[in-house]
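> Sharing a model that was predicted from the sequence below.
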Amino acid sequence: MKNSILTLAFATTLIFTSCVDRKTSDNGEVEIKSQSEQVTPEDMYQTSGKEDAENPEDLTEINSAKKVINDYFDALSRGETAEAYEEMSQTSDRGTSSEFAEKHSNIETVTLSFTEDPKVTSGAEGTDVKMPLRYTIKTKQGNTETYNGSVMVVKKNKEDADYKIQGMTMTREDS
């Protein structure tokens with residue numbers, strides 16, 4: 001895969017260089033300026049432009065955590081509170097499944113957006129991802145409630161462990 005990307009980049013550079021640096025003299029002859037530019041493997045990876053770009057392992061963890069959060073809010077939007085309940089860690093403050101269902105029974109739709117860069121922390125017990133986000137709930141009565149804060153998603157260091165939502169620190173915005 002890397003070799004094909006490097007080959008493609010080299011071919012693109014050659015074509016671009018030959019087309020851009022071509023000049024025609026007064027007598028109609030084409031002059032090509034040679035331009036030496038070395039492409040390194042680091043140049044091949046697209047980054048966000050930040051100096052401290054996430055490492056690939058962290059990006060994998062972040063994407064896994066985002067999936068759990070998206071699944072949770074998607075289940076709430078569909079009225080599948082049992083499914084959303086299962087996305088929560090057993091050690092979270094989710095309560096019983098009936099309490100959870102009653103608390104979230106008024107939700108019609110949820111709109112979610114991730115707001116800032118998440119923070120990944122790996123330790124002896126597992127991996128934690130603190131995911132800043134903002135979401136808006138439309139209730140069955142047509143009201144909207146917007147919350148801003150972060151969700152802590154955790155995964156234990158076990159072979160078959162999945163990420164689960166440990167807790168949410170959210171503040172309701174004034175509307």
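Received it, and whenever you're ready, just let me know what you need. Keep in mind that what you see is a predicted model, and the values were worked out from it rather than measured.
> Show me which positions of the helix or strand encompassing M152 end up buried.
According to DSSP states H and E, M152 maps onto strand 144-156. Along strand 144-156, these residues count as buried under the neighbour rule (16 or more other Cβ atoms under 10 Å): 147-155. Where C-beta positions appear, they are placed from N, C-alpha and C, glycine not excepted.
> Of those, which is the nearest to F100?
V151 (15.7 Å; Cβ to Cβ).
> Can you give me the domain assignment for this structure?
2-44, 56-172 (automatic domain parsing).
> between the ones you listed, which gets the lowest average pLDDT?
If the domains of the chain are sorted by mean pLDDT, domain 2-44 sits at the bottom with a mean of 50.
> before we move on, the earlier item: strand 144-156 and the helix or strand that the strand holding M152 is followed by, what's the angle between them?
Per DSSP H and E, the first helix or strand lying C-terminal to strand 144-156 is strand 164-172. Angle of strand 164-172 versus strand 144-156, following axes from the mean of the first three to the mean of the last three Cα atoms, to 10 degrees, is 150 degrees.
> which residues are in contact with strand 164-172?
Outside strand 164-172, the residues that touch it by Cβ atoms under 8 Å, 6 or more residues apart in numbering are 68-69, 72, 87-93, 128, 145-155.
> Point out the most buried one among the domains of the chain.
Neighbour counts (mean count of other Cβ atoms under 10 Å) averaged over each of these peak at domain 56-172, with a mean of 15.
> Can you tell me the closest non-neighbouring residue to N106?
Nearest non-adjacent residue to N106, counting by Cβ to Cβ, 6 or more residues apart in numbering: T139, 4.9 Å away.
> Pretty sure that neighbour sits against E145.
Yes. Using Cβ atoms under 8 Å, T139 makes contact with E145 at a distance of 7.0 Å.
> between these two, what contacts are shared?
Counting by Cβ under 8 Å, 6+ apart, nothing touches both T139 and E145.
> Could you point out the helix or strand that follows the host helix or strand of E108?
Using DSSP H and E, E108 falls within strand 107-114. Later in the chain than strand 107-114, the nearest helix or strand by DSSP H and E is strand 119-122.
> State the next helix or strand along the chain beyond that following strand.
strand 126-139.
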